[in-house]
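1. I need the structure of the sequence given here:
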Amino acid sequence: MLCLLPAGCGQEEGFPEGSTMARIRDRGVLIVGIKFDQPMFGYKDPATGRISGFDAEMARLVAKDLTGSERNIRFVETVSRERENFISGQVVDLVIATYSITRARSQLVSFTDPYYNAGQDLLVRAADTRINGVEDLAGKTVCTAKGSTSADRMHNEVSGEILAVVDGYSECVPALLAGRVDAISTDDTILLGLRDQHANPSALRLVGKPFGKEPYGMGIRKQDTVFRDYLNGLIARWLADGQWDRAYRDTIGVSGATSDESKPAHR
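-> All right, here's what the predicted structure looks like:
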């Protein structure tokens, strides 16, 4: 007999009745909150509408396992300050959006194990030789995003800087090049993506001195332990069987970055 179920024969019996996985399988579409303005992680091409990046590839792998095809997915733009609201309000099934795991956020949502490790850094104008680390930020204006751990770390751990807080990092690059701000601060790979996407990447310089570690997790509704454990199993499988490495190579790796520090250890 042929199996005509969209998610595959084994999964029809494998998901507990009433679970988030069963609900998504029956709907036939996974709904994922993601950034639209972060090259290499979540970026919407204005010409084609396609969402690309490492987070997008992680989401497509989840969709493939749940529904049988990576195409059975709907991406919803989710800026940093709205991630918890979109999860608790069930606007999305999960958020995969450079979502750093923190104690405060874990009071509101549940996180999977880390699927990526980033480090916070600075992006500056290439011609500006005054800034070579966070110690040089006194009196300088730094652009970062609302609701991000980058903004929190700048506020709590860095002295003397002036924060310019915006909705999305795409707003920071024009401000930096126009001289309205002196630096952009967020996770290093996001900064690489912002630099490489620009028409003149040589006009921007990544300082290259990370000053904080950011483990990314997938965010889901609080106390949905069955869905969390399922997703943790997928992440462990991808780290072990090469799917994580392929996703990295095809997205972040295009910039020349290596995964040595970014790939979580197998669990």
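2. right, and residue 74 touches residue 28 too?
-> No. The pair residue 74 / residue 28 is not scored as a contact, 10.7 Å apart, by CB atoms under 8 Å. C-betas here are computed from N, CA, C, even on glycine.
3. would you map out the domains in the chain?
-> 9-115+217-255, 119-213 (automatic domain parsing).
4. which residues in the protein form helices?
-> 9-14, 20-27, 54-67, 83-88, 103-106, 149-157, 172-177, 188-197, 225-241, 243-250 (DSSP state H).
5. and the fourth one, how far from the chain's centre?
-> In this view, helix 83-88 has its centroid 15 Å away from the chain centroid, taken as CA atoms, centre = their mean, to the nearest Å.
6. which of the residues in it are buried?
-> Using 16 or more other CB atoms under 10 Å as the test for burial, helix 83-88 gives 83, 84, 86, 87.
7. what residues does it touch?
-> 33, 76, 78, 91-92, 94-95, 97, 99, 105, 108-109, 147, 219-222 (CB atoms under 8 Å, 6 or more residues apart in numbering).
8. drop anything exposed from those residues.
-> With burial judged by 16+ other CB under 10 Å, the buried subset of the contacts of helix 83-88 is 33, 76, 78, 92, 94-95, 97, 99, 105, 109, 147, 219-221.
9. let me know the closest of those residues to residue 227.
-> residue 220 (5.4 Å; CB to CB).
10. so what's the closest one up against?
-> 20, 87, 93, 94, 95, 109, 110, 111, 112, 227, 228, 231.
11. cool, and residue 131?
-> 122, 124, 137, 140, 182, 183, 207.
12. same thing but 6 Å
-> 124, 183 (CB atoms under 6 Å, 6 or more residues apart in numbering).
13. can you check residue 139 too?
-> residue 160.
14. try 8 Å this time
-> 160, 161, 162.
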